[in-house]
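Asks: Structure for the following, please:
(chains A, B, C and D)
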Number of protein chains: 2
Amino acid sequence: MSNEVAEEMRIGDLARRARVTPRTLRYYESLGLLQPAARRSGGFRLYDEQAVGRLERIRQLKELLGFSLGEVRQILRSEDAVQEIRARYLGTEDAGLRADLLRQAMALADAQRELVRRKLAGLQAMDDEIAERQGRIRQLLRTTGADERQG
Amino acid sequence: MSNEVAEEMRIGDLARRARVTPRTLRYYESLGLLQPAARRSGGFRLYDEQAVGRLERIRQLKELLGFSLGEVRQILRSEDAVQEIRARYLGTEDAGLRADLLRQAMALADAQRELVRRKLAGLQAMDDEIAERQGRIRQLLRTTGADERQG
DNA sequence: GTATACATTGACGCTTGCGTCAAGGTTACT
DNA sequence: AGTAACCTTGACGCAAGCGTCAATGTATAC
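Replies: Predicted coordinates:
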């Protein structure tokens, strides 16, 4: 009940917050996807609020973009590197270095956006196909004179 | 070399066309996802051109929408039912029946579109997040005076 | 001190989605 | 007839992604 520090969570707390199981969290740790912020003297894992966001990121990469957990790990490592870039950026006054660090971050964002865009395009094509199909169905419904009057 | 019938394919031919393996095709058959059009006297599976489209459909549902093969089977069965609806539609002059059949087809298309829409929304949110991140990076690049002059 | 609910580690189990292998048959070409 | 490339079925193997269990430790409340 220390008010000035972020409340730390045990594994069950985080699991409930993120809607996964403790087993999943231990598994992700073993894969290098998500490390606890600390361990208590009894060996309990302690997580901070950042873990919740990281799990959401993992979920996105896994479920929305279809990456395996191995691939997710690589992507997160790149993103971690960008975070480190950000810290180093703030820690230097070298404009050239700063620009380099920013370009790296931009390149990573570009690559990810490309993947998202490709997936969006495939889904959009599916949506268009279904919409066309529905247009044809509507037309046929009109010829039966059934339209919206029923149901 | 029969010009008037669609060329039938053996399993290796279809596998190459659809970029899967013969093993995958036998597996899909065992799951009820894709049946051969016929079998030759020697037991060879024969597929027709429709199989190519069906495999593309399976790929979409699996890779773009993230369904398991069991789920894909259920969805394809619904779509097959709609095909049957279409055949029955053409085979009746009962306007009321026709309207019913069309409404069933519309309902299925609605459900699928809903799924696609949900996935699109998630990916769009990811894309927006990344675009925002890139906007911030660009702003920082401007303060270093590095912009586009390099690279 | 006790009870309860949580935690720890290690390991086996299960499902999914195939890859690969063995043993043999079929087809088409030479 | 021989050969090569394809095919068949059945079955084991593998990786991924956890679920579940056993045996035990930890923390908190009573």
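Asks: alpha carbons only for contacts and neighbour counts from here, please
Replies: Noted.
Asks: Checking A:Leu33 next. Helix, strand or coil?
Replies: Secondary structure, DSSP: H, G, I helix; E, B strand; the rest coil: A:Leu33 is coil.
Asks: Was I right to think it contacts A:Arg73?
Replies: Yes - counting by C-alpha atoms under 8 Å, A:Arg73 is a contact partner of A:Leu33 at 5.5 Å.
Asks: helices or strands up against the lengthiest helix in chain A?
Replies: In chain A, taking DSSP state H as the definition, the longest helix is helix A:95-143. If you count contacts as 3 or more C-alpha pairs under 8 Å, 6 or more residues apart in numbering or on different chains; DSSP states H and E, helix A:95-143 packs onto helix A:69-90, helix B:95-144.
Asks: Please identify the helix or strand for A:Glu93.
Replies: Following DSSP states H and E, there is no helix or strand that holds A:Glu93.
Asks: Who are the contact partners of A:Lys119?
Replies: Contacts for A:Lys119 (C-alpha atoms under 8 Å, 6 or more residues apart in numbering or on different chains) come out as A:Leu65, B:Leu64, B:Leu123.
Asks: of these, closest to DNA strand C?
Replies: B:Leu64 (12.9 Å; C-alpha to the nearest atom of the strand).
Asks: State the mean pLDDT of the longest helix of chain A.
Replies: Per-residue pLDDT over helix A:95-143 has a mean of 88.
Asks: measure the nearest residue to A:Leu97 once chain neighbours are set aside to B:Ile85 for me?
Replies: Spatial nearest neighbour of A:Leu97, excluding adjacent residues (C-alpha to C-alpha, 6 or more residues apart in numbering or on different chains): A:Tyr89 at 7.6 Å. Between A:Tyr89 and B:Ile85 the computed distance is 63 Å (C-alpha to C-alpha, to the nearest Å).
Asks: got it, and A:Gln50?
Replies: 52 Å.
Asks: more neighbours, these two?
Replies: Higher neighbour count among A:Gln50 and B:Ile85: B:Ile85, with 18 against 9, using other C-alpha atoms under 10 Å in any protein chain shown.
Asks: ok, now which ones touch the more buried one?
Replies: Counting by C-alpha under 8 Å, 6+ apart, B:Ile85 has contacts B:Leu101, B:Leu102, B:Ala105.
Asks: Most neighbours among these, please name it.
Replies: B:Leu102 (24 neighbours).
Asks: thought that residue was touching A:Leu141?
Replies: Yes - the pair B:Leu102 / A:Leu141 is scored as a contact, 6.6 Å apart, by C-alpha under 8 Å.
Asks: Pick out the residue closest to the middle of chain A.
Replies: A:Arg57 (2.3 Å; C-alpha atoms, centre = their mean).
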